[in-house]
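>>> Would you be able to build a 3D model of this:
(4 chains)
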Number of protein chains: 2
Amino acid sequence: MTDVFAALADPTRRAILDELAERDGQTLFEICARLTARHGIGSSRQAISQHLDILAQAGLVRFARSGRYKFHHADFGPLRAVVDRWPIPEEEL
Amino acid sequence: MTDVFAALADPTRRAILDELAERDGQTLFEICARLTARHGIGSSRQAISQHLDILAQAGLVRFARSGRYKFHHADFGPLRAVVDRWPIPEEEL
DNA sequence: TTGACATGCAAGTAAACACTTGCCTAACGT
DNA sequence: ACGTTAGGCAAGTGTTTACTTGCATGTCAA
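Next comes the predicted model:
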């Protein structure tokens, strides 16, 4: 399991997490289409696939293979490594 | 103000934040000494200074000049950008 | 079984990044 | 005034990273 912080460093990967947070279990092609349509990201399928691998190595995304489809599920649990590390001040009112 | 996520991607910068969380208001030389002694980080003064600039651009560190000393203060407020963006699950018991 | 669809693998490239090196400016103590 | 201390600036280097290109594998429908 590699670096959660490094996985979050790329804006395209954060957009992927946004997308999976809104609609979990998408395939690679769905993610590509929605990134283009809704986030203005025009990266190739292979680029997105590589990003998903990095997210998976960080534990932020899990795969579920079914036939020729590969569904992607987000897991935001590793983000506690960020939250628990430093004292985040309360929201000002 | 540049990318908070990118600022957190480097382990040396995270160690700097750890150090400032434990003892706020250190000078550059203090930070260097304590990083070496307590975190096993042997980077040069200039390297640490560049890291502090990046942390400052992300809003995570502020400076306070006093004579020939420059005191560094951590501000973890920008970390709410991480917390508020995705639904982080509760800790399992 | 043939073609279309969904994905995987791997080499190559260009840019970003972390770090060093060398010199410079400024503040303090004696 | 002089040396020392704290920090700044900027060019250069080696590695990492994001991305592309081209081809290969596997799955399903007709």
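>>> quick one, helices of chain A?
Along chain A, the segments classed as helices by DSSP state H run A:4-7, A:11-22, A:28-39, A:45-57, A:80-83.
>>> Give the buried residues for the second one.
So the one you mean is helix A:11-22. Neighbour counts over helix A:11-22 (16 or more other C-beta atoms under 10 Å in any protein chain shown) mark A:13-20 as buried. Quick note: C-beta positions are derived from backbone N, CA and C, even for glycine.
>>> on that earlier part again, and the helices of chain A: which comes nearest DNA strand C?
Closest to DNA strand C of the helices of chain A is helix A:28-39 (C-beta to the nearest atom of the strand; 3.5 Å).
>>> How about that closest one and DNA strand D, any contact?
No - shown here: helix A:28-39 not in contact with DNA strand D (C-beta under 7 Å from any atom of the strand), separated by at least 10.1 Å.
>>> Please state the offset of that helix from the chain centre?
Offset of helix A:28-39 from its chain centre (C-alpha atoms, centre = their mean, to the nearest Å): 13 Å.
>>> what does stretch A:22-40 give?
So, by C-alpha atoms, centre = their mean, the centroid of stretch A:22-40 is 11 Å from its chain's centroid.
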